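Participant: model the following, please.
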Amino acid sequence: VELKMFSLEDTKPWHAIGVAGLAQIVPAPLFSVIEFQEFLIRFARSEQVDVVIPNIDRATVALAKAAPALRAARVLPLSCSVEVCEGMVDKQRADEIFRSLGLHVPCGTHFPLLAKPRAGASSRGIVKIRDDEELEFWRRRNRTDEFILQPFVEGTEYSLDAYVDGSGRTLGIVSRVRVIVAEGEVMVTRTQHHSDSIAMVERLLSWGRWHGPLTVQVIDDGQATWLLECNPRFGSGVTCSIEAGVNAPEWILRERLGMPLPETAVEWRDGLCMTRSRKDHFLW
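Facilitator: Numbering: from 1, shown residues only. Presented below is the predicted three-dimensional model:
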């Protein structure tokens with residue numbers, strides 16, 4: 001199968017994916033405006049696009065809204081329902097959904113607290129608040145309705161990568177320890193079975209209509225496992241889970257080509273470690 005990839009980006013220069021030669025950069029409207037959906041549908045038709053994959057939270061919502069028109073144009077959108085995408089991108093709404101499913105989430109008002117932007121990503125804008133004085137200082141300078149406040153939980157962080165096919169079957173769930181994290185992105189990670197968090201993902205997938213990749217974040221404090229968030233898209237460390245056996249790239253191609261997918265969830269082993277380094281590019 002020959003691949004030609006496009007990346008829909010804003011008009012700022014020096015996008016890393018373009019510099020690396022991985023895809024052709026296509027300037028497009030912002031994901032949050034209605035014009036983006038119209039642009040995406042026109043572009044997919046004109047370029048005979050086969051598959052559309054979202055890679056940031058706002059893109060999941062935009063793609064979910066455009067999905068019916070894309071399917072009518074014989075394009076495969078790797079998209080959950082609008083309900084799922086909008087629910088997961090808003091951390092307050094996601095917290096309500098997790099609670100309705102009986103999932104264990106951080107709750108209470110004891111310090112220290114974390115103030116998380118409801119529409120935040122990659123740990124940007126998160127503030128740790130240690131006492132009442134800091135809380136009052138923070139409240140005077142922020143719109144509290146744009147944040148969710150949760151108790152700060154310390155422990156071992158896990159990411160879980162899963163893939164759901166178009167019929168709603170879960171083809172695999174891999175849990176991995178986040179060993180080293182920089183600016184919200186994992187730099188070193190290791191596969192390790194964690195039954196409590198895998199069970200959480202399975203219960204979450206019983207709600208709503210899921211399709212494609214998803215990444216879930218949890219923390220195990222030694223006494224309980226706490227569900228933090230879910231993103232219905234690929235996470236930055238998913239390459240480790242792909243190497244371990246959740247072969248999402250192959251499954252995407254098979255699904256688009258109408259070829260068979262695994263009949264049972266894949267098995268995988270503990271102890272696969274992924275470490276990464278940055279690469280510099282120079283141009284005039």
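Participant: how far away from the center of its chain is the helix or strand of the chain with the lowest mean pLDDT?
Facilitator: Ranking every helix and strand in the chain by mean pLDDT, DSSP states H and E puts helix 16-19 at the bottom, with a mean of 82. On the basis of Cα atoms, centre = their mean, to the nearest Å, helix 16-19 is displaced by 21 Å from the centre of the chain it belongs to.
Participant: I figured Pro249 hits Thr239, correct?
Facilitator: No - under the criterion of Cβ atoms under 8 Å, Pro249 is not in contact with Thr239, lying 9.9 Å apart. Quick note: C-beta positions are derived from backbone N, CA and C, even for glycine.
Participant: for the least confident helix or strand of the chain, name the packing helices and strands.
Facilitator: Contacts defined by 3 or more Cβ pairs under 8 Å, 6 or more residues apart in numbering; DSSP states H and E place helix 16-19 against strand 6-9, strand 24-27.
Participant: just the C-alpha atoms of it, please, in PDB.
Facilitator: Output of helix 16-19 as PDB, limited to C-alpha atoms (Å, rounded to 0.1, in the frame of the first residue of the first chain):
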ATOM      1  CA  ALA A  16       8.000  20.000  12.500                       C
ATOM      2  CA  ILE A  17       6.000  17.400  10.600                       C
ATOM      3  CA  GLY A  18       6.700  19.300   7.400                       C
ATOM      4  CA  VAL A  19      10.300  19.900   8.100                       C
END
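Participant: let's have the helices and strands packed on helix 16-19 in CSV, adding mean pLDDT and distance to Ile17.
Facilitator: Listed next are the helices and strands packed on helix 16-19 as CSV, based on pLDDT from 0 to 100; distance: least, Cβ to Cβ, whole Å:
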stretch, mean pLDDT, distance to Ile17
strand 6-9, 96, 5
strand 24-27, 94, 7
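Participant: quick one: mean pLDDT for stretch 135-154?
Facilitator: The pLDDT scores in stretch 135-154 average 92.
Participant: which residue ranges of the stretch 151-284 of the chain form strands?
Facilitator: Counting by DSSP state E, counting those that start in this stretch, the stretch 151-284 of the chain has strands at residues 156-164, 170-182, 185-191, 212-220, 225-231, 273-275.
Participant: Phe111: which of the helices and strands packed on helix 16-19 is closest?
Facilitator: Closest to Phe111 of the helices and strands packed on helix 16-19, according to Cβ to Cβ: strand 6-9, at 40.6 Å.
Participant: next, the contact list for the nearest residue to Asp221 once chain neighbours are set aside, please.
Facilitator: By the measure of Cβ to Cβ, 6 or more residues apart in numbering, the closest residue to Asp221 outside its immediate chain neighbours is Gly155, 3.5 Å from it. Going by Cβ atoms under 8 Å, 6 or more residues apart in numbering, Gly155 touches Ile219, Asp220, Asp221, Gly222, Trp226.
Participant: and for Val1?
Facilitator: With contact set as Cβ under 8 Å, 6+ apart, Val1 has these partners: Leu253, Leu257.
Participant: any idea how far Gln48 is from it?
Facilitator: 14 Å (Cβ to Cβ, to the nearest Å).
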